[in-house]
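*Asks:* Next one to model:
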Amino acid sequence: MEQQFVLRLPQELQHINLEECELEKLDDINVNLIYKNKIYHGLIHRPPTVIESHKVIDNKLYKISDISAIIRIYCDNEINVLNEENNNKDIKTFANYNEENIKEENDVKGHYLSKNNSYTKRKISFKDPEECPYECLTPPMKWCKDRRFKKVEMKLELVEEIEKKVNDLLARDAEAIKVEVIHSHDEELDEIAADLENELENEFDDLDIQEENDGEKNTEDESQRLLNLQAKDEITKKLEEKEGLLAKTTHPVLKKKFSEEIRILKEELKKYT
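*Replies:* Below you'll find the predicted structure:
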């Protein structure tokens, strides 16, 4: 997946070729844009909401990235104005951002800074619409940024256990020589086909035995006629039953099996017509 960010340039850099520029990240907040051997300072803003970018391929919308940052580049005159405005404010910018402030911020939990053994809340407000880095990007939402970057406590033991299970599954997959997918549905159909075959063989054996017994009574014409009618009725019932099974099944093996049985039953039925 691609990594993307929103780049906002000052007016004098609106029409430059970005391929001729170089973006240098100093830390998690400050960046430098180098263009024609000139350095422009900038700030990294974290958007208050999740922003996604998409592409249209074959008339379908595909997500390609999460936009995780907004980089705003300032020209020299904007830097001077911001520094003058922030001299008497408790606002951290690239002008007063240094290692001492980082250490000072890490010593105190939350959004508080320690100065002269007293704690003051650090507030950054964008009263001027042109100064707001999120303008035209998302509608105003109260406390959404605090919820977006809220620290979620997670048990380290649970994370380690999940990682161990995932690594174990990946290791087993790498050691596998062959992967075979077994469908229980196919096994059930095979069992049904085998049972039907056994039943049909038994029925044909019974018919053969009955025909042998009928052959011994050739002299009794009336009995033979009754037996023929009975056999014809039985074969007709079996034929209707097999035709019903053939219409219901979708398995090619069973279709072939039922078709062959129907053909045999029709041949047997012709003997009694």
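*Asks:* Check the gap between the closest residue to residue 149 other than its chain neighbours and residue 146 for me.
*Replies:* Distances taken as CB to CB, 6 or more residues apart in numbering place residue 46 nearest to residue 149, at 6.8 Å, with adjacent residues excluded. Yep, even glycine has a C-beta here, placed from its N, CA and C like the rest. Look at residue 46 and residue 146: by CB to CB, to the nearest Å, they are 12 Å apart.
*Asks:* which of the two has more neighbours?
*Replies:* residue 46 (14 against 10; other CB atoms under 10 Å).
*Asks:* Test my guess that that one contacts residue 67.
*Replies:* No - look at residue 46 against residue 67 with CB atoms under 8 Å: they stay out of range, at 10.6 Å.
*Asks:* need the contact list for residue 16.
*Replies:* 9, 35 (CB atoms under 8 Å, 6 or more residues apart in numbering).
*Asks:* Am I right that it falls within a helix?
*Replies:* No - under DSSP: H, G, I helix; E, B strand; the rest coil, residue 16 sits outside any helix and is assigned coil.
*Asks:* And it, what's its pLDDT?
*Replies:* The model reports residue 16 with a pLDDT of 87.
*Asks:* and what of residue 129?
*Replies:* For residue 129, the predicted pLDDT is 38.
*Asks:* can you offset everything so residue one is 513?
*Replies:* Sure, I'll start counting at 513 from here, so that last one is residue 641.
*Asks:* same for the biggest strand by length in the chain, what does it pack against?
*Replies:* Longest strand in the chain, counting residues (DSSP state E): strand 572-585. Applying 3 or more CB pairs under 8 Å, 6 or more residues apart in numbering; DSSP states H and E, we find strand 572-585 packed against strand 516-520, strand 542-547, strand 550-557, strand 563-569.
*Asks:* can you list the ones you listed in TSV and add mean neighbour count and distance to residue 680?
*Replies:* Shown next, in TSV, are the helices and strands packed on strand 572-585 (neighbours: other CB atoms under 10 Å; distance: least, CB to CB, whole Å):
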stretch	mean neighbour count	distance to residue 680
strand 516-520	16	34
strand 542-547	17	41
strand 550-557	18	38
strand 563-569	11	33
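*Asks:* Could you dump the ones you listed into a markdown table with mean pLDDT added?
*Replies:* Listed next are the helices and strands packed on strand 572-585 as a markdown table, based on pLDDT from 0 to 100:
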| stretch | mean pLDDT |
| --- | --- |
| strand 516-520 | 88 |
| strand 542-547 | 90 |
| strand 550-557 | 89 |
| strand 563-569 | 87 |
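*Asks:* Residue 689: which of these is closest?
*Replies:* strand 563-569 (36.6 Å; CB to CB).
*Asks:* Mind listing the strands the closest one pairs with, and their directions?
*Replies:* strand 572-585 (antiparallel) (DSSP bridges).
*Asks:* State the mean pLDDT of the partner strand.
*Replies:* On average, strand 572-585 scores 88.
*Asks:* Same question for stretch 749-761.
*Replies:* On average, stretch 749-761 scores 81.
*Asks:* Could you look up the SS state of residue 742?
*Replies:* Applying three-state DSSP: residue 742 is helix.
*Asks:* Count the residues that sit near it.
*Replies:* 13.
*Asks:* what does residue 588 give?
*Replies:* For residue 588, using other CB under 10 Å, the count is 13.
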